[in-house]
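A.B. asks: Model the structure of this input:
(chains A, B, C and D)
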2 protein chains.
Amino acid sequence: MKTIGKLAKELGLGVETIRFYEREGLIKQPQKPQNGYRVYDDSITKQLQFICKAKALGFTLKEVASLMSMDGDCAKVESLGLQKLSLIQSKIADLQRLEVVIKEMTNSCRNNNDQSHCPIIDSLK
Amino acid sequence: MKTIGKLAKELGLGVETIRFYEREGLIKQPQKPQNGYRVYDDSITKQLQFICKAKALGFTLKEVASLMSMDGDCAKVESLGLQKLSLIQSKIADLQRLEVVIKEMTNSCRNNNDQSHCPIIDSLK
DNA sequence: GTAAACTCCGTAGATAGGTACGGAGTCAAT
DNA sequence: ATTGACTCCGTACCTATCTACGGAGTTTAC
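C.D. replies: You can find the predicted model right below:
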């Protein structure tokens, strides 16, 4: 059993962040004894770690809530995962196209001897 | 010479967006004749297209302003470009790592016969 | 026993890049 | 001359994810 500060420290989160997740419905407000302080047991740690991991995978908080609520339904979870996967893949493709363009631009910059014009600026014009 | 609405339509931007760019210092407020309406000549079109293209390359509005102000300085522009390039490359790498993880997860989901557990949920726990 | 550290709550602010609104004035077409 | 479309300005609102603040009560350490 620990108070919010200990929990936050343990997980590397801010106290405000945990209260925020509570407000957003990701976690439940725990029992509060006479003094009004939140008191957490160990199960909350798993839940918050779940949230952090899913977030790191690029799920939004809403999606995380969704994941948590579809607890056993593998098909639904898989479908959300596949959706996320295709989003990630198209983001990768976009960025790779960008990478090529910017590479070309900076290359032409490096080969530029005309100090009165920058090929990057010119190509954007 | 055109008013803001025509200009916006021509570029596929919102009127408010142009006013917003003006407030942010990306473009200058043009002369306004007796009626108080903004009147633009063709040079503004180039400037706004520059902004749109640079934005599409992943530059923030602040960076776009920066690019526009370093007008001829090729070395500076190149350095901003290289910086952006390495940001893009590390984003790509991050996403590719993510892609692998999510692929593995959805695969294990597809091969799952145990309806009481979802491997994705389990792996996040 | 007192001072520091912790907690409570609700609300405001930050970030980026817009988007929307309201009320008033102006312009263009019929 | 009237109607509808356009413009003005300032400000508020939007998404997402926190982060900070203020004032009051509580717990802990010395």
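A.B. asks: Give the residue spans of chain A that score low on pLDDT.
C.D. replies: Chain A contains no residues with pLDDT under 70.
A.B. asks: Just want the residue of it that's nearest DNA strand D.
C.D. replies: A:N35 (2.8 Å; CB to the nearest atom of the strand). C-beta here means a position set from N, CA and C on the backbone, and glycine is covered the same way.
A.B. asks: Secondary structure of that residue: a strand, I assume?
C.D. replies: No - counting by DSSP: H, G, I helix; E, B strand; the rest coil, A:N35 is not part of a strand but coil.
A.B. asks: residues touching the residue minimising distance to the centre of chain A, list them.
C.D. replies: Residue closest to the average C-alpha location in chain A (CA atoms, centre = their mean): A:K55, at 3.8 Å. Residues near A:K55 by CB atoms under 8 Å, 6 or more residues apart in numbering or on different chains: A:61, A:64.
A.B. asks: now with 7 Å?
C.D. replies: Counting by CB atoms under 7 Å, 6 or more residues apart in numbering or on different chains, A:K55 touches A:V64.
A.B. asks: Domain-wise, how is chain A divided?
C.D. replies: Annotated domains of chain A cover A:1-69, A:72-125 [automatic domain parsing].
A.B. asks: does any bit of the last one sit next to DNA strand C?
C.D. replies: I take that to be domain A:72-125. No - Domain A:72-125 stays out of contact with DNA strand C when judged by CB under 7 Å from any atom of the strand, the minimum separation being 14.3 Å.
A.B. asks: circling back to that earlier point, list phi and psi for the residue of chain A closest to DNA strand D.
C.D. replies: Main-chain dihedrals, A:N35, degrees, to the nearest 10: phi -80, psi 0.
A.B. asks: Tally up the residues packed near A:S116, please.
C.D. replies: Here the number of neighbours of A:S116 (other CB atoms under 10 Å in any protein chain shown) works out to 6.
A.B. asks: So for it, what's the nearest residue that isn't a sequence neighbour?
C.D. replies: Nearest residue to A:S116, sequence neighbours excluded (CB to CB, 6 or more residues apart in numbering or on different chains): B:G72, at 6.1 Å.
A.B. asks: and that neighbour, which of the three is it?
C.D. replies: Assignment for B:G72 (three-state DSSP): coil.
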